[in-house]
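A.B. asks: Quick one: sequence plus predicted model below, questions after.
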Amino acid sequence: MNLDILRDPLDRRSFVERCARTAFGLSIMPFFTGSAAAEPARGAGFGKAKRIIMIHLDGGLSHIDSFDPKEGASKGPGSAVSTKAGFQLTSFLPETAKIADKITVIRSMTAKVGVHESARYLMRTGFEKRGTIVHPVLGAWAQHYLGPSSKTLPSSVCVNQNSGHGNGFFPATYSPLPILDPDGGLANSKAPVADDKMTKRQQLLAQLDESFSKRVPDENVRAYNDFYDTTLQLMKSSDLQAFDLGAEKAELRDRYGRNRFGQGCLLARRLVESGVRFVEVHSGGWDMHKELEDAMEDRGGEFDRAFAALVADLDSRGMLDSTLVAVTTEFGRKPAFEGNGRGHHPLAFSTVLAGGGTKRGFVYGSSDAKGYKAAENPTSPGDFHATIAWAAGMPIEKEAMSGSGRPFTVGNKGKPALGVFA
Amino acid sequence: MNRIAATIIATAVAATVSAAPAGKGKLRRAAAAAAIAKPAAPQTPAATPQAQSSAAVDVSSPWHTWSDSSGRKIEAAFCALQGNLCTVQTKDGLTYRLNLEALVLENRIFARAYAAKLNENRFKDAYVKQAAFQIDHLIGSTLVAKGLKFNTAANDEQFVRRLYLDTIGRVPTAAEASAFLKDTTPDKRAKLIDALLDSPGYAMHMYNWLADTFRVKDEIGRGAKAYLFQDWLKDQLAADRPWDAMVREMLTADGKLCENGAAGFLLRDAQMPLDGVSNLLTTFLGANVGCAQCHDHPLAQWTQRDFYQMAAFFGATDGYDQAAYSRSRKLAKSDSAGLNRQQVQSIAGVNVFRLIDTPKQDLTFPKDYKYDDAKPGSHVAPQLISWSSTDTKLPIYKVNTANPPQLRDEFARWMTSPQNPRFATNIANRMWKKVFGLAVQEPVGDIDDTTKASNPQLLAHITEIMKAAKFDLRQFQRVLLNSQTYQRASSLTPDLEKGPYLFPGPLLRRMTAEQTWDSILALTSGPEVDNALLRRGDEMQLLSLPGNAITAQNFKYVIDRAKDAGLEMGGYGGGKKGKGPNPRKLMAAYEGTKPQQRNGLLLARASELPQPAPESHFLRLFGQSDRLVADSNTTDGSVPQALMMMNGPIGQLIADSNSTAVVAAASAKGRDEQIDSLYLSFLARKPSITERSTAAKALESGLTVGDVAWTLLNSREFLFVQ
């Protein structure tokens, strides 16, 4: 696919409309028809991010031991290291330090949820977890407001984790396509039998399945019908090689790190390059209650290499200004260093943004001297989501309705942190 | 704390193993395994032989000498009988599963008689009828009050498929479905319920369910393998151990991961003891305490102080020997010791995870504690939570907190008592969800305010059934499955935002990942798949470091001992990360039938595979939990699932001329009969006239029976449970 079409907003708009019309039979997206009159004035950064890579460090990244080093009682096993961007990182992030002049660190994240599952949900959707409804992830919101990003490839992909009903209350096909093993890519994408046989099988399947779908008009059954339709589309796509890491040079694959997270980041770059709008990459093992130093060296090292390689790679390809890389986690970790590690701490933590119209070499907000509370520019998970949605050009005040008619907005009425944009 | 007295059903921890001559455990197991011939496929329920003559046999003691026809003998106690698989336990605590058909006649009579004796504790049929009727009544009255109606009754075809999936976790084969459909006796449904609850697949299905809740993982950190815990859990389920006894044993267990299976539950969270307490309170009491770990719960009644006071019951428990781990890491790194680093790591892992009670309970409030009711960093005194002001007057609230090493025992006694305000309700509510697709009170992890249940009387009633069953989960399910409510047509997915679901019938559900996989196995390999049992715990016992000394000499001793016993050292890591364990090593760990390997797949049931399955495995694509967070299996669809079914090895396996369903169909007389057979295999029903003629036309146009099988595999109807 020609990338330029995605770089120019007008071209992208016509592209989106074309896709919507041809592939999904939808009308023109409301946002572009001017119905978003209630939007705040479009300021700096609006709509600059054509593609988004969102990195989730599951378990809770210690802000104090990574992007928000502290001295005194809170200090951890790593030392603070100055970067050319003028701010400090810990010694656990030597590679990130080298590209510090390309990123914005948000040091004033704050939330109230300190339980893994709920916090992960909050940071992934911008909403608190409820028993009666599932909220969409940003990729699904983007698909709702901006339409599909590619004719044949999915608009959202989730790497290293199942997508966990990421579509929320939107149609099931808005759910990110899960890739659990980046090395394996999109497995089984070629039919194992001759085309004419496959066609006959498909015809028979459509005929035999019809009566069940009619008899049982269930939303989950319908979702499966949609997934089979999407899958058949995808199998015909010439863009499938986007999933194949084998096409990358060995040297580059090494630079990202030969582990699931590193290769996942490289896969994310390939995918956004080919027309996927939104890619989540997950890294597990950040719950550092004990042996934090070892874990920051191992897991932290994997992240450090892959993240730095991704930002540098995107920049060298001229894609960084139009691709937003966001690093997020469940919560921070306590200032008190106890039992060789730190407990859960949602009151203050750090996230990172790179590219997509954000400032290069910048720190937004701060935590207090101990790293206990957000001080300047407190930023909630909803604000963080609204910021990314803003960068992606989504109408953040426009409501979308759940199946039972409840209104929601992307970022849950959060305020975008406009200060992060260049 | 003393380890709970060994019951005949507890898997053992051979305390003697560490001092035993090299390989003793392994050799003994090998000798007994020889007596385990291939177990026969479970009989179709209608033909299941019931206990024969029990009059002539002495069943006063479970101890018996078991011999096979070639004269090999072991002395062991009877534990459980499932189909033809008899579980027994020797004096040193090892469990064995024997194929009844390979044993001498006298053994068979004894096993059946003893099983019948144990069955005497079961609910009487009259009680089941009355308790099930009360369920129907309580649901009926809420439906009437809202002007709603019950769903129509499920037909036999819907019933048999659903029941197989809900009890033994897979679809019935064509032969099994047909046997039931042809049966004309009036109580055939009740009979099938009893037969299936007694089949080997029952324990496998229950294990999958609990493994999701307990976050069962092969590896729990530091290279430590929790195989012994998995074996223990499977044995509890096979032997029908009551839930309260099982939970009590897990909470009071002592010892190392490589010694005591039951200890594996608490050791899962040994590195994060506070999270562990939070998990267990939610899992066993439905207490929504997660938030209170860090601050007062914003909505529920729990305060951070409540949480810490509960956690203090585990404040004298230590699960992880940090010093020993550091020493062994140094040892592994030192060249002078001359040890294989990976081997040391594997051994160290299962030895440093060990539960002991310390003389002092030393939990303190966090340094950043911000409420007025306690000082930051001050000592926490244990105190039980309560749900109402009258709770604390119950006798179970009288606990002795003076003796730190006894704190866990005291806590466990309180928690697992039928008097506990939530213990019985919690498991009843969770089991209800398993059977009906939704709990009476959702979410299951928050039943603090039971007035919020969709039907509080129903919740109270099933709590009473659970208590009457004395926490026998099989008996409890027997009541639910015999209710008319269960035996009704399924409802479409309700919109819970519009109001609670009142259970006019069970919910339509997508099969779980495990049900889907296990059903596919039955279709490709037949019911024989229920007899391949993965048991990897025995050899763990060989890895116990005598005297816990972290010395090169001791490690060398253990490595040699393991090698002598034929253990492949260094292979525990399971090969490349994410790719699953060494297949050859895995294959050696199956008892009963060896599973088939076809199209690069190991065709063993989900419970008998690595836990969880590797990331790219079919099971994970279909939503098996990664076992990091409790209760996180999913049933969402995805593109990779459709690709796997259509193009992947599963689709090919099903279409293959060797697959059981295709073989059964191909052997039928005419084209229509072939189609009928396939429909029975996949959907437990006959095709409609239109479906039959559509499929027949396809067969005429050049598609094979295998192609039609592929089509039915990919049909939505296959994937959903009606």
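C.D. replies: Everything's here; your move.

A.B. asks: what domains does the record give for chain B?
C.D. replies: B:35-119, B:125-185+B:422-509, B:217-415 (automatic domain parsing).

A.B. asks: cool, and chain A?
C.D. replies: A:43-143+A:280-420, A:191-238.

A.B. asks: Quick one: end-to-end length of the shortest one, please.
C.D. replies: If I follow you right, that is domain A:191-238. 15 Å (Cα to Cα, to the nearest Å).

A.B. asks: and what of stretch A:276-287?
C.D. replies: 30 Å.

A.B. asks: just stretch A:128-145 next, same as before
C.D. replies: End-to-end distance for stretch A:128-145: 22 Å, by Cα to Cα.

A.B. asks: Average pLDDT for that stretch, rounded please.
C.D. replies: Taken as a whole, stretch A:128-145 carries a mean pLDDT of 89.

A.B. asks: Show me how far that stretch is from its chain's centre.
C.D. replies: Centroid displacement of stretch A:128-145 relative to its chain, using Cα atoms, centre = their mean, to the nearest Å, is 13 Å.

A.B. asks: buried set for it?
C.D. replies: Buried positions in stretch A:128-145, judged by neighbour count with 16 or more other Cβ atoms under 10 Å in any protein chain shown: A:128-129, A:133-145. (C-beta placed from N, C-alpha, C; glycine too.)

A.B. asks: Report the beta-bridge partner residues of A:I55.
C.D. replies: A:V281, A:V327 (DSSP bridges).

A.B. asks: list the contacts for it?
C.D. replies: By Cβ atoms under 8 Å, 6 or more residues apart in numbering or on different chains, A:I55 lies in contact with A:C265, A:E280, A:V281, A:H282, A:S283, A:F303, A:F307, A:V325, A:A326, A:V327, A:T328.

A.B. asks: do you know how far it is from A:Q203?
C.D. replies: A:I55 sits 43 Å away from A:Q203, going by Cβ to Cβ, to the nearest Å.

A.B. asks: so where's the stretch 201-350 of chain B shaky on pLDDT?
C.D. replies: The model of the stretch 201-350 of chain B has pLDDT under 70 over residues B:297-300.

A.B. asks: re earlier: looking at the contacts of A:I55, which one is closest to B:P172?
C.D. replies: A:H282 (38.2 Å; Cβ to Cβ).

A.B. asks: pretty sure the closest one is touching A:N162, no?
C.D. replies: No - look at A:H282 against A:N162 with Cβ atoms under 8 Å: they stay out of range, at 9.8 Å.

A.B. asks: More neighbours: which of these two?
C.D. replies: A:N162 (26 against 20; other Cβ atoms under 10 Å in any protein chain shown).

A.B. asks: pLDDT score assigned to the closest residue to the more buried one other than its chain neighbours?
C.D. replies: Spatially, and ignoring its direct neighbours in sequence, A:N162 is nearest to A:P178 (4.9 Å; Cβ to Cβ, 6 or more residues apart in numbering or on different chains). Note for A:P178: predicted pLDDT of 91.

A.B. asks: which helices and strands does the lengthiest strand in chain B pack with?
C.D. replies: The single longest strand within chain B, with elements called by DSSP state E, is strand B:73-82. Counting contacts by 3 or more Cβ pairs under 8 Å, 6 or more residues apart in numbering or on different chains; DSSP states H and E, strand B:73-82 is packed against strand B:63-67, strand B:85-89, strand B:95-99, helix B:105-119, helix B:200-214, helix B:227-238.

A.B. asks: what about residue 174, how many neighbours?
C.D. replies: Picking chain A for this. Burial measure for A:Y174: 24 neighbouring residues, criterion other Cβ under 10 Å.

A.B. asks: You answered for a different chain; I wanted chain B.
C.D. replies: Burial of B:A174 is recorded as 22 neighbouring residues (other Cβ under 10 Å).

A.B. asks: Could you tell me the backbone phi and psi angles at it?
C.D. replies: In terms of degrees, to the nearest 10, the main-chain angles of B:A174 are phi -60, psi -40.

A.B. asks: Surely it and B:S677 touch.
C.D. replies: Yes - counting by Cβ under 8 Å, B:A174 sits close enough to B:S677 to count as a contact (5.4 Å).

A.B. asks: Now do the shared contacts for the two.
C.D. replies: Taking Cβ under 8 Å, 6+ apart as the contact rule, B:A174 and B:S677 both touch B:A661, B:A664, B:A665.

A.B. asks: about what we covered before: looking at the contacts of A:I55, which is nearest chain B?
C.D. replies: Comparing the contacts of A:I55 against chain B with Cβ to the nearest Cβ picks out A:H282 as the nearest, at 10.1 Å.

A.B. asks: Please tell me how far the closest one sits from A:A187.
C.D. replies: In terms of Cβ to Cβ, A:H282 sits 18 Å off from A:A187.

A.B. asks: and what of A:V311?
C.D. replies: The gap separating A:V311 from A:A187 is 29 Å, by Cβ to Cβ.

A.B. asks: do the same with B:L480
C.D. replies: On the measure of Cβ to Cβ, B:L480 and A:A187 end up 39 Å apart.

A.B. asks: out of those two, which sits in the busier spot?
C.D. replies: Neighbour totals were compared for B:L480 and A:A187, and B:L480 leads with 24 against 18 (other Cβ under 10 Å).

A.B. asks: Apart from its neighbours in sequence, what residue is nearest residue 150?
C.D. replies: Because you didn't say which chain, this covers chain A. A:G275 (3.4 Å).

A.B. asks: Actually, chain B is the one I wanted.
C.D. replies: In this structure, B:F150 finds its nearest non-sequential neighbour in B:P504, 4.9 Å apart by Cβ to Cβ, 6+ apart.

A.B. asks: So what's the residue count around the one you found?
C.D. replies: 20.

A.B. asks: for residue 288, helix, strand, or coil?
C.D. replies: Answering for chain A, as no chain was given. coil (DSSP: H, G, I helix; E, B strand; the rest coil).

A.B. asks: The strand or helix carrying A:A309: how far from the chain's middle?
C.D. replies: A:A309 is part of helix A:292-316 when elements are defined by DSSP states H and E. How far helix A:292-316 lies from its chain's middle: 17 Å, per Cα atoms, centre = their mean.

A.B. asks: For that helix, name the packing helices and strands.
C.D. replies: Short answer (3+ Cβ pairs under 8 Å, 6+ apart): helix A:292-316 packs on strand A:51-57, helix A:94-98, helix A:250-256, helix A:260-274, strand A:278-283, strand A:323-329.

A.B. asks: Throw those into TSV and include distance to B:L251, thanks.
C.D. replies: Shown next, in TSV, are the helices and strands packed on helix A:292-316 (distance: least, Cβ to Cβ, whole Å):
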stretch	distance to B:L251
strand A:51-57	33
helix A:94-98	44
helix A:250-256	44
helix A:260-274	35
strand A:278-283	33
strand A:323-329	32
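
A.B. asks: Distance of the spatially most central residue of chain A relative to chain B?
C.D. replies: Taking Cα atoms, centre = their mean, the centroid of chain A lies closest to A:M54, which sits 2.6 Å from it. Separation of A:M54 from chain B (Cβ to the nearest Cβ, to the nearest Å) stands at 18 Å.

A.B. asks: Show me the strands in the stretch 501-650 of chain B, by range?
C.D. replies: B:509-510, B:532-534, B:590-592, B:596-598, B:601-603 (DSSP state E, counting those that start in this stretch).

A.B. asks: hey, which of those is tucked in deepest?
C.D. replies: strand B:532-534 (a mean of 24; mean count of other Cβ atoms under 10 Å in any protein chain shown).

A.B. asks: low-scoring stretches of the stretch 51-200 of chain A, by residue?
C.D. replies: For the stretch 51-200 of chain A, the ranges with pLDDT under 70 are A:131.
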